[in-house]
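*Asks:* Structure for the following, please:
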Amino acid sequence: MNWDELFQTQLQLDRYIEANHQLEEADLFEDKVLALLVEVGELANETRCFKFWSQKPASPEDVILEEYVDGLHFMLSLGLEKELRYEEQPIKPVDDLSGGFHQVYEDIVKFKSVPKQKNFQQMFSNYLSLGAGLGFSEQAIQYAYHKKNARNHQRQDEGY
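*Replies:* Numbering: from 1, shown residues only. A predicted model of the protein is given here:
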């Protein structure tokens, strides 16, 4: 995956949002961390992987993928905020989705406490492992990211 290109695309969106809302000088780190935690929760909810009490199936794959790339937007944005980048490495899919979600939550909280490269790398890698465990290819993630990024720009244009 071309991570430099995705970080650059996210930077353009972040700057556009910040300009539209007069937030160029604001410290948005804590809000972005909370937004990421919420997005991961929304993703888990769509997969229904933890809902042992329910027989209702998971949402359609396209819905789950859109929720996944919502989280990716905030991961990229957090990296930009702290001037950190994901260093590509082999990704092993999680085999236990609930455990994968727990790990990502723990990684986010750890990164919030110590926003350094090592913690960013771990958080990002484990999020990608979760995506692989959900069956998403790099190509599908990249396509869905760009599609949602364009929608996010459109929303800003419409006064979202």
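*Asks:* what's the distance between stretch 17-24 and the middle of its chain?
*Replies:* 21 Å (C-alpha atoms, centre = their mean, to the nearest Å).
*Asks:* Buried residues, the strand or helix carrying D70. List them.
*Replies:* Secondary-structure assignment from DSSP states H and E places D70 in helix 61-81. For helix 61-81, burial by neighbour count (16 or more other C-beta atoms under 10 Å) applies to 64-81. Backbone N, C-alpha and C define where each C-beta goes, glycine included.
*Asks:* for stretch 127-142, same thing?
*Replies:* Within stretch 127-142, the residues that qualify as buried are 127-134, 136, 140-142, counting by 16+ other C-beta under 10 Å.
*Asks:* of all the residues you listed, which two lie farthest apart?
*Replies:* By the measure C-beta to C-beta, G133 and Q142 form the most distant pair in the buried residues of stretch 127-142, at 17.7 Å.
*Asks:* still on that earlier bit, give me the contact list for the very next helix or strand once past the helix holding D70.
*Replies:* Using DSSP H and E, the helix or strand that follows helix 61-81 in sequence is helix 97-113. Applying C-beta atoms under 8 Å, 6 or more residues apart in numbering, the external contacts of helix 97-113 come out as 30, 33, 36-37, 40, 43-44, 47, 49-50, 78, 94, 119-120, 122-123, 126-127, 129-130, 133-134.
*Asks:* what's the angle from helix 97-113 to helix 61-81?
*Replies:* Interaxial angle of helix 97-113 relative to helix 61-81 (axes from the mean of the first three to the mean of the last three C-alpha atoms, to 10 degrees): 20 degrees.
*Asks:* model confidence over the next helix or strand after helix 97-113, on average?
*Replies:* Using DSSP H and E, the helix or strand that follows helix 97-113 in sequence is helix 117-133. Mean pLDDT, computed over helix 117-133, is 98.
*Asks:* Show me what helix 117-133 is packed up against.
*Replies:* Counting contacts by 3 or more C-beta pairs under 8 Å, 6 or more residues apart in numbering; DSSP states H and E, helix 117-133 packs against helix 61-81, helix 97-113.
*Asks:* With just CA atoms, put the helix holding D70 into PDB.
*Replies:* Listed next in PDB are the C-alpha coordinates belonging to helix 61-81 (Å, rounded to 0.1, in the frame of the first residue of the first chain):
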ATOM      1  CA  GLU A  61     -19.100  -6.200   4.000                       C
ATOM      2  CA  ASP A  62     -19.300  -2.800   2.400                       C
ATOM      3  CA  VAL A  63     -20.700  -1.300   5.600                       C
ATOM      4  CA  ILE A  64     -18.000  -2.900   7.700                       C
ATOM      5  CA  LEU A  65     -15.300  -1.700   5.300                       C
ATOM      6  CA  GLU A  66     -16.600   1.800   5.500                       C
ATOM      7  CA  GLU A  67     -16.500   1.800   9.300                       C
ATOM      8  CA  TYR A  68     -13.000   0.300   9.100                       C
ATOM      9  CA  VAL A  69     -11.700   3.200   6.900                       C
ATOM     10  CA  ASP A  70     -13.300   5.700   9.200                       C
ATOM     11  CA  GLY A  71     -10.900   4.500  11.800                       C
ATOM     12  CA  LEU A  72      -8.100   4.500   9.300                       C
ATOM     13  CA  HIS A  73      -8.800   8.200   8.700                       C
ATOM     14  CA  PHE A  74      -8.200   9.000  12.400                       C
ATOM     15  CA  MET A  75      -5.100   6.800  12.600                       C
ATOM     16  CA  LEU A  76      -3.500   8.600   9.700                       C
ATOM     17  CA  SER A  77      -4.600  12.000  11.200                       C
ATOM     18  CA  LEU A  78      -3.100  11.100  14.600                       C
ATOM     19  CA  GLY A  79       0.200  10.200  12.900                       C
ATOM     20  CA  LEU A  80       0.200  13.500  11.100                       C
ATOM     21  CA  GLU A  81      -0.600  15.300  14.300                       C
END
